[in-house]
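Student: Need the 3D shape of this:
(2 chains)
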Amino acid sequence: MNNIEKLKDAFAEGLSIPVAAVNESLAYQGIAEWDSMAHMYLITALENKFEIAVETEDILEMTTYGKVCEVLVKYNVHI
Amino acid sequence: MIAAASMDGLYDLITKNKHLRYLDVNGMEYTALDLLGEELPLPNERGLAFLYLDNSVTAVSALVNFLKEKWVLALLSPKLDGAFKEQLEALYCPAIIYDHTRSDKSGYEKYKWQKATLFVSRKPKPYLLHQDLKILLSTSGSTGSPKFVKLSEKNLIQNAYAILDYLPIKATDVTPLNLPLYYSYGLSIFTTNAIAGAKLVCTNSDVMQKEFWNEWDRFQYTSLAGVPYIYEMLMRLGFLKKQYPSLRYLTQAGGKLNKNLLEQYALYAAENGIDYYVMYGQTEATARMAFLPPEKLLDKLGAIGKPIKNGTFHLDEATGELLYAGPNVHGGYANGPKDLAHFEQPEYLRTGDLAMRDDEGFYYITGRMKRIVKLFGIRINLDEIEQLLKNNFSQANFICLGVEDKYIVVVCVKHEMADEAIKEVLHKKVHIHPNVLKIYSINDVTLTANGKIDYNATGELLGLPL
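Tutor: You can find the predicted model right below:
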């Protein structure tokens, strides 16, 4: 599985949406499924898929699909 | 301490608070008078209004203006599913609807009011509303049941003053409205601070957003309220690693916080001179029934404390159920418009919780009578979940169990089906996140002697820590 697939899987799992619904326009509170609770699940899913530990300040940064990709670079995950 | 003049309504009490300012997230300040102005387009002297409230100044203004009138107000989540809103409105036929998420509503006239749009019914149906009835709140928040708790203005005022008797709310406070107004706990933050606080910051940002913390820096909040999962998130966000000079107290209600976390908060609070209030309540008690004085927090870790002023607890001798009596006990439930003609307060509120009292009079919740789990501060009735699944998948039977308010187990009986289908229905219809669901299938149901499902045996069979 490549990184894009892993990322889409993490989004699908964390937000509980179909993989097909994962796209670059996703944003926190932009869809009903991406609420505060789902955000925690998303972070956990990202941590598991990429075997990383997300820092506190980054949790608040990861508010859009694009920003998640940007932050992941810090952890040597390149999408 | 603070006492209400008996004739004053909630609106009068709010208006009399000269320190009160409503702030939007840009820092614009509004007095109570600023929010008034244009009259509401009320077709009758009294009727039923549905208010789908977020926590914006516009929504707060709608609430305050409606409180001024003799109308009955159902407070609802704007995030409710559209089809469910229609269903609920078809049942109750509200004469006015406030909902910023919709641009049209068939059978209703659009009316521009302040910065909002109101929908006014073309043919308001007259039906009887009991004179004491003021507010309708849902107990389940977002799960889409048409059942409301009926509350009077007296309920709201009495509960607000009982809370003001112990919470250190001051005329210099800056309080974020960070819980929904349609949720009894969130509404109580509004009523108490509007009566005796000062600055109310009307915000839709939450602790998971940078905006919330920017607003904290800017406005210097003096308190924060949260249900257990908010405190869990705060822990993950490293809340206890920092200091907040303006913060005087924290409140926690809406379920039991994990003891280990609670202890960490208690120690942090003690070290930093912050008061941490563990509180207990239910929508049926308007909001609050008990609180634990912060100085007793470490000593009585896990307790819900003692009853609020003018409230009393009793334990049902036969069952151990916690019973509450007080002026904040609700006036019954409404399952449809006919129920709005009545308002009868029971002598005791049966909380459905099992409790024990220690020798110093502190109460501890030990379990539940009914099959209810509390996830994310919201009560979920397991029997209703079983019924919902049955309605969606008529070919199968389901058994639902709750595990320590952490997750729900769905057992599919004698039928093979995709876990995803179950997860999808529960997520779409009742907003239960799949991560808090565990799905099993079994071939045989264990029944009790009188032929009912034996939930304990089913849980044991699956090896669940019930």
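Student: alpha carbons only for contacts and neighbour counts from here, please
Tutor: Noted.
Student: Around chain B, which positions in chain A sit nearby?
Tutor: A:16, A:32, A:36, A:38-41, A:56-57, A:59-61, A:63 (C-alpha under 8 Å from any C-alpha of the partner chain).
Student: Now list the buried members of the residues you listed.
Tutor: Among the residues of chain A next to chain B, those scoring as buried are A:Ser16, A:Ser36, A:Ala38, A:His39, A:Met40, A:Tyr41, A:Ile59, A:Leu60, A:Thr63 (criterion: 16 or more other C-alpha atoms under 10 Å in any protein chain shown).
Student: quick one: which two of these are the most distant?
Tutor: Pairwise distances across those peak at 19.7 Å for A:Ser16 and A:Leu60 (criterion: C-alpha to C-alpha).
Student: returning to what we had before: kindly reformat the residues of chain A next to chain B as TSV containing pLDDT.
Tutor: Below are these laid out as TSV (pLDDT from 0 to 100):
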residue	pLDDT
A:Ser16	85
A:Ala32	80
A:Ser36	87
A:Ala38	90
A:His39	94
A:Met40	91
A:Tyr41	90
A:Thr56	87
A:Glu57	88
A:Ile59	94
A:Leu60	93
A:Glu61	94
A:Thr63	94
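Student: Show me these that map onto helices.
Tutor: Counting by DSSP state H, the part of the residues of chain A next to chain B found in helices is A:Ser36, A:Ala38, A:His39, A:Met40, A:Tyr41, A:Thr56, A:Glu57, A:Ile59, A:Leu60, A:Glu61.
Student: Helices along the stretch 1-150 of chain B, start to end?
Tutor: B:10-16, B:32-35, B:57-68, B:82-92 (DSSP state H, counting those that start in this stretch).
Student: Nearest to chain A among those would be which one?
Tutor: helix B:82-92 (12.2 Å; C-alpha to the nearest C-alpha).
Student: Could you pull out the buried residues of that closest one?
Tutor: Quick answer for helix B:82-92 (16+ other C-alpha under 10 Å): B:Lys85, B:Leu88, B:Tyr92.
Student: By mean pLDDT, show me the worst of the helices of the stretch 1-150 of chain B.
Tutor: Within these, confidence is poorest for helix B:32-35, with a mean of 86 (mean pLDDT).
Student: gap between B:Phe313 and chain A?
Tutor: 34 Å (C-alpha to the nearest C-alpha, to the nearest Å).
Student: Can you get me a residue count around the closest residue to B:Asn443 other than its chain neighbours?
Tutor: Among residues not flanking B:Asn443 along the chain, B:Lys414 sits closest, at 4.6 Å (C-alpha to C-alpha, 6 or more residues apart in numbering or on different chains). Applying other C-alpha atoms under 10 Å in any protein chain shown, we find 15 other residues in the vicinity of B:Lys414.
Student: does B:Lys414 really touch B:Tyr440, like I thought?
Tutor: No - between B:Lys414 and B:Tyr440 there is no contact under C-alpha atoms under 8 Å: 10.7 Å.
Student: and the helix or strand hosting B:Leu151, average pLDDT?
Tutor: According to DSSP states H and E, B:Leu151 maps onto strand B:148-152. For strand B:148-152, mean pLDDT is 97.
Student: Show me what that strand is packed up against.
Tutor: Here strand B:148-152 touches strand B:133-138, strand B:333-334, going by 3 or more C-alpha pairs under 8 Å, 6 or more residues apart in numbering or on different chains; DSSP states H and E.
Student: How about the contacts made by B:Leu181?
Tutor: B:Leu181 makes contact with B:Leu53, B:Asp54, B:Asn55, B:Leu75, B:Leu187, B:Phe190 under the criterion C-alpha atoms under 8 Å, 6 or more residues apart in numbering or on different chains.
Student: Out of those residues, which sit inside strands?
Tutor: B:Leu75 (DSSP state E).
Student: Now do the strands in the stretch 101-250 of chain B.
Tutor: Ranges of strands within the stretch 101-250 of chain B are B:108-113, B:116-121, B:133-138, B:148-152, B:174-176, B:199-201, B:223-226, B:249-252, based on DSSP state E, counting those that start in this stretch.
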